[in-house]
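Undergrad: predicted model and sequence below, questions to follow.
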Amino acid sequence: MATSSQGAICNMPVLTPNPEQFKDPWQYLKSIKELLWTHGACIIQPPDCWDFDSYKKCLSFDLKLQTKTQNLNSLQPLWGKSKQMVFLKDLEEFWALRDVKVKMPIVAGKKLNLYNLMSEIISRGGIQAISESRTWKVVSNALHISPDYNNGHASSILKKHFARWVEPFLEEHGSDKYMEDPNDKKRKRIDEIDILPSYKKRRISWRSTHEESFNGASESMSRATEDEPIGGYEEFGYLVGNEFTLNQYKEMADKFEHTRFGDVDPNESVIDELSRKENEYWKIINEDEDISVQYGSDLDIESHGSGFPCNPNSDNIDIQKLAEKFPPNDATSYMLESGWNLHNLPGATFLHHLDECVSGITRPMLYIGMLFSSFCWHTEDNYLYSINYVHTGKPKRWYSIPFGEADAFERVMREKFPHVFSQFPNLLHLLVTQLSPEILRESGVKVYSGLQKEGQIVVTCPRGYHAGFNLGFNIAESVNFAIEDWLPICRLAVNNYKFQRCSTFSFEEFLLKAAGRPDSLTIARMLKHELELVIQHEAKMLNKIKLEGIVHNIKIPEEGQYKSCDVCGYDCYTSYVTCKSHDQLVCLDHSEELCRCPGFKKSICTRIDIAYIQEKVDFLVNFLKDLTRYEI
């Protein structure tokens, strides 16, 4: 890493397993756990037996990809970097002087962006002009609010919030400095086009609101549609990009790199060249230079193909189907069978208990990048492990935070971007914010840096925040996996997700499935402990609910999609509470926040009862006894 700008940031470990060590990914990954957890990530150089050219046999350079445009200087959302940020800052300060905290109003179950409200109304001449021209329907549609909302009177709601929050502010500050140039219209925002993978949409689609009453309920509770990420991405520098073939994308990426840095200097070392690019990247992020790049990220391999061959004889039905669509052709038998093939890896680890195929979790995703295209600070879904492999091209620069530094990292992020967190409390789950590792280091957070070259693997640990960017055109692939020490961390994840986002899959469902087929003595002990915690919590909450007068119980079928709590977003796999008078449902923890109706109108809906969970615990107890006796 360039010492001139990034100083004392340490390097993440680079591991070089021999063929024997590399043969079994499950055992090898378990052997490096301590390194992973203390550094956040490690780089693995596969031995020579690895087929480094499998992508040539599997990927078509005629494939088409839809990119996302990243405006680099918007990835670090400091005040002053956009007119929206300036407006929101000034609005907060205006009302703070009057001892009022600005709250984004809730309209039609989602937050109303006050900047967009102001911009739409002012650009059309103000409330009176809109009313006279009868164009409130246009304004509503621009704000993604159905004109039919509020019995066809969405306009009255919008006028109310404009008068409450915006109009007094504009009387003092005016609107000119906050308005975008009408001749500089941007392309559609990413949240207006369906290009996000379904699991990505799920993990950012839930929101809980607590600012308006609904049908007598003490607090409003709603879930956003799965097509709408929280907030939107334009303010963070993400727009819909262009469509390319892979060849066209490479040509564009190479041209951009040449325009930016010119011909390769034969007298400059590779390390110096990469350091120069890294310094330039953070200069763009930290300053106000307007640079945009295109990133083919989160590409579903079902429609784009994979750089790894799919085995038609796999036990995994999803891999069989992919093999039918993308036959392995001349792919070597080594890569078809290898546990390091990212199609095979999740099933070779603890995630084989997850029955459903989830793109990016149990099925790899493809990433096609160019110089400066970025992956912002984030953890993996449900705090899983992740593995990334660069098939070909220029390196990726990685930054990692150890597991033990996660709380410190989140504290620093909140300190640096308080204005953004006030409007987007789930900011850390949106994968849209970059912050210099040097700033983190100076704030007392341990940060490691690594350079992942072509043919190398990067593995990240549970709840290990990581970020980075590409140093030129490359093709990479990534997927998640789990080993047994992840179990208690998943419990931490689903608890931390409350009021922030949905879990990607139900933790309780996963525990119960895994308990039926424990993989080892260690795993059986951990499953037993986790299920006992589930029983204790369920029993405690059921006793509390009975005291609230809720005694009616409804048995619901085990099959079917589980639901999320309308207050905190927790996955209600085992049970939840409903009321005859309302559509909402809540987890057992938030039964008191469902509504003001008496207890006899409410019901406990149970899919999995405590007795069934106890049966699983008893099975594990007997399994442990038998296995221990056998081992002795």
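TA: Arrived safely, thanks for sending.
Undergrad: surely Met370 meets Leu471?
TA: No - in this structure, Met370 is not within contact of Leu471 by C-beta atoms under 8 Å, at 9.6 Å. In this view, the C-beta of every residue, glycine as well, is placed from N, C-alpha and C.
Undergrad: pull the distance from stretch 11-20 to the chain's centre.
TA: Remark: stretch 11-20 is offset 28 Å from the chain centroid, using C-alpha atoms, centre = their mean, to the nearest Å.
Undergrad: buried sites along that stretch?
TA: 12-13, 15 (16 or more other C-beta atoms under 10 Å).
Undergrad: what is the rounded mean pLDDT of that stretch?
TA: In this model, stretch 11-20 carries a mean pLDDT of 96.
Undergrad: would you put the C-alpha positions of it in PDB?
TA: C-alpha atoms of stretch 11-20 as PDB (Å, rounded to 0.1, in the frame of the first residue of the first chain):
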ATOM      1  CA  ASN A  11      -1.100  -6.300   4.900                       C
ATOM      2  CA  MET A  12      -3.600  -9.100   5.200                       C
ATOM      3  CA  PRO A  13      -2.000 -12.600   5.100                       C
ATOM      4  CA  VAL A  14      -1.200 -14.300   1.800                       C
ATOM      5  CA  LEU A  15      -1.400 -18.100   2.200                       C
ATOM      6  CA  THR A  16       0.200 -20.700  -0.100                       C
ATOM      7  CA  PRO A  17      -1.300 -24.100   0.700                       C
ATOM      8  CA  ASN A  18       0.300 -27.200  -0.900                       C
ATOM      9  CA  PRO A  19      -1.800 -29.600  -3.000                       C
ATOM     10  CA  GLU A  20      -2.500 -31.800   0.000                       C
END
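Undergrad: which of the buried residues of stretch 11-20 fall in strands?
TA: Leu15 (DSSP state E).
Undergrad: find the centremost residue of this structure, please.
TA: Centrality entry for the chain: nearest residue to the mean C-alpha point is His429, 4.9 Å, by C-alpha atoms, centre = their mean.
Undergrad: which pLDDT value goes with it?
TA: You'll see His429 listed with a pLDDT of 86.
Undergrad: next up, phi/psi of the closest residue to it other than its chain neighbours, please.
TA: What sits nearest to His429 in space, not counting adjacent residues and going by C-beta to C-beta, 6 or more residues apart in numbering, is Arg501, at 4.6 Å. With angles defined as degrees, to the nearest 10, Arg501 sits at phi -170, psi 170.
Undergrad: tally of neighbours for Arg501?
TA: Neighbour count of Arg501, defined by other C-beta atoms under 10 Å: 21.
Undergrad: same check on Ser123?
TA: 14.
Undergrad: how about Ile545?
TA: 20.
Undergrad: and it, that's in a strand?
TA: No - counting by DSSP: H, G, I helix; E, B strand; the rest coil, Ile545 falls outside a strand, being helix.
Undergrad: and the helices in the stretch 451-600 of the chain, which stretches?
TA: Per DSSP state H, counting those that start in this stretch, the stretch 451-600 of the chain carries helices over the ranges 487-496, 507-515, 521-547.
Undergrad: low-scoring stretches of the stretch 151-300 of the chain, by residue?
TA: Scanning the stretch 151-300 of the chain for pLDDT under 70 picks out 181-238, 288-289.
Undergrad: now the strands for it?
TA: For the stretch 151-300 of the chain, the strands defined by DSSP state E, counting those that start in this stretch occupy 238-245, 292-300.
Undergrad: okay, angle between the first one and strand 292-300 too, please.
TA: Read it as strand 238-245. Relative orientation of strand 238-245 and strand 292-300, computed by axes from the mean of the first three to the mean of the last three C-alpha atoms, to 10 degrees: 70 degrees.
Undergrad: go through strand 238-245 and flag the buried ones.
TA: 238-241, 244.
Undergrad: and the residue nearest to the centre of the chain, how far is that from Val412?
TA: Plainly put, His429 is 17 Å away from Val412 if you go by C-beta to C-beta, to the nearest Å.
Undergrad: ditto for Ser60
TA: The spacing between Ser60 and Val412, counted by C-beta to C-beta, is 43 Å.
Undergrad: more neighbours: which of the two?
TA: For Ser60 versus Val412, neighbours defined as other C-beta under 10 Å are more numerous around Val412 (18 against 12).
Undergrad: next, give phi and psi for the more buried one.
TA: According to degrees, to the nearest 10, Val412 has phi -60, psi -40.
Undergrad: equivalent analysis for Ser54, please.
TA: Residue torsions, per degrees, to the nearest 10, at Ser54 are phi -60, psi -30.
Undergrad: touching, it and Tyr334? I think so.
TA: No - Ser54 lies out of contact with Tyr334 (C-beta under 8 Å); the separation is 9.1 Å.
Undergrad: one step back: with distance to Trp377 added, can I get the helices of the stretch 451-600 of the chain in JSON lines?
TA: Output for the helices of the stretch 451-600 of the chain, formatted as JSON lines (distance: least, C-beta to C-beta, whole Å):
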{"stretch": "helix 487-496", "distance to Trp377": "15"}
{"stretch": "helix 507-515", "distance to Trp377": "24"}
{"stretch": "helix 521-547", "distance to Trp377": "28"}
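Undergrad: Lys321 is nearest to which of those?
TA: Relative to Lys321, the nearest member of the helices of the stretch 451-600 of the chain by C-beta to C-beta is helix 507-515, separated by 21.8 Å.
Undergrad: quick one: mean pLDDT over the closest one.
TA: Across helix 507-515, pLDDT averages out at 94.
Undergrad: just want the angle from that helix to helix 487-496.
TA: 160 degrees.
Undergrad: check which helix or strand covers Val390.
TA: strand 385-393 (DSSP states H and E).
Undergrad: just checking, what packs against that strand?
TA: On a contact count with 3 or more C-beta pairs under 8 Å, 6 or more residues apart in numbering; DSSP states H and E, strand 385-393 meets helix 54-58, strand 457-460, strand 474-481.
Undergrad: apply 7 Å and report the result again.
TA: strand 457-460, strand 474-481 (3 or more C-beta pairs under 7 Å, 6 or more residues apart in numbering; DSSP states H and E).
Undergrad: how distant is that strand from the center of its chain?
TA: 18 Å.
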